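Q: Below are the sequence and a predicted model; questions follow.
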Amino acid sequence: MALTITSPRNPRIKDLVRLRERRYGEKRGLFLVEGGKEISMALEGAVELDSLFFCREFFKGGEEALLESLEARGVRLFSLTRSLFEKVSYRENPDGLLAVARRFRWRLEDLALGPSPLLVVAESLEKPGNLGAILRCTDAVGADAIIVCDPVVDPFNPNVVRASRGTLFTVRLVLTSPGETRGWLEEMGIEAVVTTPHAPLDYTDVDYRGPTAVVVGSESEGLRPLWMEGPCTMVRIPMWGKVDSLNVAVATAVVLYEALRQRRGRGLAGGMGL
């Protein structure tokens with residue numbers, strides 16, 4: 001049975017607001033998931049939900065079944081007034097569902113890879129929208145995992161969850177350092193395809209059908225020199241207009257879909273373990 005909260009001074013309401021802060025979320029080991037679709041995908045991805053806050057005035061249909069499912073799983077339910085839900089929600093058009101989930105992470109050694117894996121390595125990304133979009137693309141092409149090195153933005157930022165459309169829960173996410181990732185790729189025999197405007201090759205001139213990691217960096221700083229110093233293949237995306245670079249999420253999508261095109265020709269595509 002759900003408990004009802006009506007006061008903005010309730011400690012749980014204050015806690016929800018503070019969970020938007022990275023330092024507080026990391027300290028508590030929690031993060032926010034808003035929206036019925038995203039919460040359902042979190043459940044499918046075996047993410048542990050701590051509690052759920054809801055307001056029926058925002059329901060659009062089908063939410064009651066989700067509430068029943070969550071209650072059956074032992075998730076604590078809290079009913080909020082309209083004004084309180086508006087206070088804790090971070091969406092413009094909420095559907096009345098906001099969950100508190102346990103943070104999770106994979107380690108490099110946890111990744112069980114097939115003979116020809118496809119990975120994404122993203123270094124020092126700064127914007128939640130970019131990381132969220134890259135997660136969506138990683139999921140869309142059926143890549144094995146995304147390795148996030150030294151993230152500036154918190155991967156569990158509510159705006160990353162929103163921009164990823166729930167794919168944060170369908171893609172294996174590893175958080176680690178560039179140096180550790182570089183060494184692991186070499187040890188595993190995975191070719192680093194490094195994106196840089198100064199590369200000698202166009203991205204279409206590379207064979208992505210073997211074990212491959214597509215490496216992208218932040219728009220402001222690019223990639224660290226260590227990526228170009230060791231064994232790697234550097235590629236560029238040709239620019240014919242006035243701009244000299246693409247948004248990092250767009251660039252990642254362009255390269256990943258070239259990899260998917262090549263792999264489909266060999267029958268390698270179709271989900272994890274490419």
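A: Everything's here; your move.
Q: in this structure, what spans have low per-residue confidence?
A: 266-274 (pLDDT under 70).
Q: How many residues are close by Cys232?
A: Using other C-beta atoms under 10 Å, Cys232 is surrounded by 21 other residues. C-beta here means a position set from N, CA and C on the backbone, and glycine is covered the same way.
Q: mind listing what it touches?
A: Neighbouring residues of Cys232 by C-beta atoms under 8 Å, 6 or more residues apart in numbering: Glu191, Ala192, Val193, Val194, Val215.
Q: May I have the phi/psi pair for it?
A: phi -170, psi 170 (degrees, to the nearest 10).
Q: coming back round to it: just give me the closest of the contacts of Cys232 to Leu175.
A: Comparing the contacts of Cys232 against Leu175 with C-beta to C-beta places Val215 closest, at 15.7 Å.
Q: got the phi/psi numbers for that closest one?
A: phi -110, psi 120.
Q: so what's it bridging to?
A: Val121, Val194 (DSSP bridges).
Q: what's the answer for Leu80, then?
A: Applying DSSP bridges, one finds that Leu80 bridges with Ile5.
Q: longest helix of this structure?
A: helix 248-265 (DSSP state H).
Q: How is this structure divided into domains?
A: Following the assignment in automatic domain parsing, the chain carries domains at 3-102, 108-265.
Q: Please identify the deepest-packed of those.
A: Highest mean neighbour count among the domains of the chain (mean count of other C-beta atoms under 10 Å): domain 108-265, with a mean of 18.
Q: pretty sure Ser220 contacts Glu123?
A: No: with contact defined as C-beta atoms under 8 Å, Ser220 does not count as touching Glu123 (11.8 Å).
Q: Show me where this protein has its helices.
A: Going by DSSP H, the chain shows helices at 11-18, 22-28, 36-44, 63-72, 82-88, 128-140, 158-164, 178-188, 226-229, 248-265.
Q: residues contacting the nearest residue to Phe156 once chain neighbours are set aside?
A: Spatial nearest neighbour of Phe156, chain neighbours left out: Phe31 (3.7 Å); criterion: C-beta to C-beta, 6 or more residues apart in numbering. Neighbour list for Phe31: Leu19, Gly25, Val100, Ala101, Arg103, Phe156, Asn157, Pro158, Val161 [criterion: C-beta under 8 Å, 6+ apart].
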